[in-house]
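model the following, please.
(one chain, ligands or ions: 1)
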Amino acid sequence: MGLKGKYELPFELNNPELLHNQSFVSGKWVKSKSGKTFEVVDPGTGKPWIECPINDASDVDDAVKSAHDCFESYRKVSPRTRAQLLFQWDALIRENREDLATILVHETGKPKAEAYGEIDYSTGFTWWFAGEAERIQGTVFQPSLPDRRVFTIKQPLGVAAALVPWNFPIAMVLRKAAAALAAGCTMIVKPSPETPITALALAYLASKAGFPDGALNILTTDLEKTPELSEALCRHELVRKVSFTGSTRVGKLVARLCSDSLKKVTLELGGNCPVVIFDDANLDQALAQVFALKYRHAGQACVTANRIYVQSGIFDKFLEKWTAEVKKIVVGHGADNTTTMGPVTTARGIEKAQSLVDDAKSKGATIHVGGKKLEKNGGYFFEPTVISGIKPDMDIAKEEIFAPVSTFIKFDTEDEAVKAANDTSMGLASYCFTKNIDRMWRLFENLDAGMIGMNTGNSSAAESPFGGIKQSGYGKESGKDVAVAEYLITKTGTLTLEGQA
Ligand SMILES: O=CCCC(=O)O
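Numbering: from 1, shown residues only. Presented below is the predicted three-dimensional model:
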């Protein structure tokens with residue numbers, strides 16, 4: 001056991017250099033102006049293990065100015081060099097995979113195997129965007145007037161800010177920062193209060209990889225100062241782009257704050273994602289895929305299965321098999337190798353899950369297994385839960401659950417299922433399981449979401465555009481061209497030629 005400040009670290013790292021607990025601005029580890037700190041808690045024990053600076057609005061200007069100073073030179077770094085820097089960062093993250101996974105487990109609570117999974121998913125972004133850096137291209141064309149030529153060039157926007165959630169803190173930092181750095185932008189990341197240490201470790205590795213001081217900056221803060229710090233970033237004149245992943249409620253605030261200075265905004269917001277399983281689906285395939293989707297990080301993913309619709313011919317059988325699988329889940333601390341599901345990340349997650357389950361129960365839903373908080377070593381555990389008989393008026397059908405609670409609804413016809421699945425203000429991801437190719441194609445076209453998983457519960461990948469429609473937000477992260485485009489402007493040049501009319 002090592003020591004950090006007044007806390008005893010609950011783990012040891014192979015590379016202790018990775019552990020930092022001050023903000024990172026212009027290549028330096030810094031305290032906040034107020035000197036105040038907050039505690040980072042292990043969700044598996046409820047115990048604090050390290051502290052970080054509480055930055056507020058007064059800390060923003062210095063960070064933005066340093067990111068802007070760096071931008072003035074970084075924007076001129078060639079795409080090949082930007083790609084090489086990203087590859088070097090990617091290599092260092094892979095080298096430190098085990099230690100990053102250890103930190104991730106103690107910030108989020110997820111089991112070690114899932115932490116490795118997140119890091120492998122995340123390095124997809126550094127790898128992918130390294131390639132994208134060299135694929136940024138403009139156009140040349142002949143316009144309607146014969147003596148003219150028109151060209152477009154792509155240029156980096158400037159300083160970008162990333163407001164990052166706690167559920168996939170490494171993946172979300174890398175999905176945003178790798179795209180920004182590939183485009184030639186510099187970035188300030190505000191990690192969630194629950195997960196600042198992984199963000200700081202990534203910044204340390206970025207600096208080791210050779211990114212110049214000020215290219216990637218991290219401002220940590222606690223829950224109380226998060227609105228103030230985020231607002232100051234959204235309002236700052238030199239911040240030209242904000243990328244936010246989080247709730248629809250906060251996403252609307254971010255869009256409003258950014259509208260004053262007309263900043264470009266990417267919003268990856270709430271899900272409430274439906275899954276529709278037809279009688280002709282391969283039951284084992286559907287079970288394995290949806291189960292992995294639902295219980296990934298104890299149900300705390302924006303793309304998770306929030307409502308599971310199963311056709312009447314297989315409903316009872318599917319529910320029985322599902323419940324049997326849920327009973328096999330081993331709940332425990334993420335660092336324990338026998339654990340298959342960890343705690344939820346925050347104490348407020350437990351309260352929300354309990355209130356959603358209680359509301360469903362009071363309105364007539366049936367609880368097949370679980371349904372309440374699990375007392376275990378002081379951690380934030382909730383029992384893996386299965387509920388059927390969900391009705392549209394229940395809160396659990398309308399809100400994101402963000403807990404290990406699966407909810408089942410029986411349906412008869414395709415039309416009925418599509419209507420029910422689309423009956424939400426959200427539109428992030430939808431999933432369907434059927435072996436009928438005509439139906440599959442209809443579902444692909446008729447389900448209202450930015451991403452449709454067809455016989456799969458996992459459509460997230462660096463090479464695939466990620467993003468929702470409706471109140472799940474706008475803009476795309478990852479994927480070819482679209483994600484880097486979020487950090488670029490297009491400049492049009494028009495040239496009049498003599499002697500060529
Ligand atoms: O929770 C949001 C992100 C999940 C993902 O990238 O698959």
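
ok, and the helix or strand in the chain with the lowest average confidence?
Here the helix or strand of the chain ranked lowest by mean pLDDT, DSSP states H and E is strand 3-4, holding a mean of 46.

give the next helix or strand downstream of that strand.
Counting by DSSP states H and E, the next helix or strand C-terminal to strand 3-4 is strand 7-8.

who are the packing partners of the helix or strand just after that next one?
Per DSSP H and E, the first helix or strand lying C-terminal to strand 7-8 is strand 23-25. Packing partners of strand 23-25 (3 or more Cβ pairs under 8 Å, 6 or more residues apart in numbering; DSSP states H and E): strand 28-30, helix 60-74, helix 196-209, strand 216-218. C-beta coordinates here come from the backbone N, C-alpha and C atoms, glycine included.

how about a cut-off of 10 Å?
strand 28-30, helix 60-74, strand 186-190, helix 196-209, strand 216-218 (3 or more Cβ pairs under 10 Å, 6 or more residues apart in numbering; DSSP states H and E).

using a markdown table, lay out these together with mean neighbour count and distance to residue 345.
Below are those laid out as a markdown table (neighbours: other Cβ atoms under 10 Å; distance: least, Cβ to Cβ, whole Å):
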| stretch | mean neighbour count | distance to residue 345 |
| --- | --- | --- |
| strand 28-30 | 15 | 25 |
| helix 60-74 | 19 | 26 |
| strand 186-190 | 28 | 17 |
| helix 196-209 | 24 | 12 |
| strand 216-218 | 29 | 19 |
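
would you reformat these as JSON lines and include mean pLDDT and distance to residue 88?
Listed next are these as JSON lines, based on pLDDT from 0 to 100; distance: least, Cβ to Cβ, whole Å:
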{"stretch": "strand 28-30", "mean pLDDT": "98", "distance to residue 88": "21"}
{"stretch": "helix 60-74", "mean pLDDT": "98", "distance to residue 88": "15"}
{"stretch": "strand 186-190", "mean pLDDT": "98", "distance to residue 88": "17"}
{"stretch": "helix 196-209", "mean pLDDT": "98", "distance to residue 88": "4"}
{"stretch": "strand 216-218", "mean pLDDT": "98", "distance to residue 88": "13"}
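
between those, which gets nearest to residue 84?
helix 196-209 (9.1 Å; Cβ to Cβ).

so how far is the closest one off the chain centroid?
18 Å (Cα atoms, centre = their mean, to the nearest Å).

what does stretch 185-200 give?
On Cα atoms, centre = their mean, the centre of stretch 185-200 falls 12 Å from the chain's centre.

need the distance between the two termini of it.
The first residue of stretch 185-200 is 19 Å away from its last residue (Cα to Cα, to the nearest Å).

ok, now which ones touch the nearest residue to residue 359 once chain neighbours are set aside?
Nearest non-adjacent residue to residue 359, counting by Cβ to Cβ, 6 or more residues apart in numbering: residue 395, 4.6 Å away. Residue 395 is in contact with 352, 355-360, 363, 401, counting by Cβ atoms under 10 Å, 6 or more residues apart in numbering.

just the buried ones from those residues, in ChimeraX syntax?
If you want just the buried ones from these in ChimeraX, going by 16 or more other Cβ atoms under 10 Å, the selection is:
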select :352,356,357,359,360,401
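
so which of the contacts of residue 395 belong to strands?
If you go by DSSP state E, those have nothing in strands.

report the two of the contacts of residue 395 separated the most.
352 and 363 (16.9 Å).

where does pLDDT dip in the stretch 201-350 of the chain?
The stretch 201-350 of the chain contains no residues with pLDDT under 70.

now it against the ligand: closest residue?
At 3.5 Å from the ligand, residue 302 is the closest residue in the stretch 201-350 of the chain, using Cβ to the nearest ligand atom.

ok, the residue nearest to that residue when sequence neighbours are not counted - contacts?
Nearest non-adjacent residue to residue 302, counting by Cβ to Cβ, 6+ apart: residue 271, 4.5 Å away. By Cβ under 10 Å, 6+ apart, the contact list for residue 271 reads 248, 301-306, 400-402, 424, 426-430, 449, 451, 468, 472.

then residue 444?
Going by Cβ under 10 Å, 6+ apart, the list of residues near residue 444 reads 430, 432, 452, 454.

okay, those residues in TSV with distance to the ligand and secondary structure next?
Formatted as TSV, the contacts of residue 444 follow (distance: Cβ to the nearest ligand atom, whole Å; DSSP: H, G, I helix; E, B strand; the rest coil):
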residue	distance to the ligand	secondary structure
430	14	strand
432	18	strand
452	14	strand
454	16	strand
